[in-house]
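1. any chance you can model this:
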Amino acid sequence: MKPLKLPKEQREAMIREIQEYFQYEREEELGELGAGNLLDFFLTTASPYIYNQALEDCRSLTARHMVSLEEDIYALEQTVHARRR
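-> This next block holds a predicted model:
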């Protein structure tokens, strides 16, 4: 899996959120470089787990839709009556 690449605006917003978290929750000041390194660490470490969970959610959703589709197809079947001779 290739590394997750964020658009510049999203990356900057996430860095600011990390800095705010450290400031308000931990009462620590975290610079832009430190927040960026922390973001990179979590993206590298967590993204495969998140990606795999997203795939599992997709498989589950697809399976539910396939069951519904199969029911719809069975509902289209027509009754066959034997012809009398």
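2. how about V80, phi and psi?
-> With angles defined as degrees, to the nearest 10, V80 sits at phi -100, psi 120.
3. mind listing the strands in this structure by residue range?
-> Under the criterion DSSP state E, the chain carries no strands.
4. could you measure from the residue most central in space within the chain over to G36?
-> The C-alpha lying nearest the average C-alpha coordinate of the chain belongs to A54 (Cα atoms, centre = their mean; 3.9 Å). Distance from A54 to G36, counting by Cβ to Cβ, to the nearest Å: 24 Å. Backbone N, C-alpha and C define where each C-beta goes, glycine included.
5. ditto for I50
-> For I50, the distance to G36 - Cβ to Cβ - is 19 Å.
6. and those two? Which one has more around it.
-> G36 (17 against 12; other Cβ atoms under 10 Å).
7. tell me the pLDDT at the residue nearest to the more buried one when sequence neighbours are not counted?
-> Distance criterion Cβ to Cβ, 6 or more residues apart in numbering; nearest residue to G36, sequence neighbours excluded, is I15 at 5.4 Å. Confidence at I15, expressed as pLDDT, is 98.
8. what about I15, neighbour count?
-> Counted with other Cβ under 10 Å, I15 comes out at 21.
9. do the one 3 residues further on as well
-> Neighbouring residues of I18 were enumerated by other Cβ under 10 Å; the total is 19.
10. contacting residues for the nearest residue to it once chain neighbours are set aside?
-> Leaving aside its sequence neighbours, I18 sits nearest to A35 (Cβ to Cβ, 6+ apart; 4.2 Å). Residues counted as contacts of A35 (Cβ atoms under 8 Å, 6 or more residues apart in numbering) are I15, R16, I18, Q19, F22.
11. over to L4?
-> L43, S47.
12. go on, Q19?
-> So Q19 contacts E29, L30, G31, E32, A35 (Cβ under 8 Å, 6+ apart).
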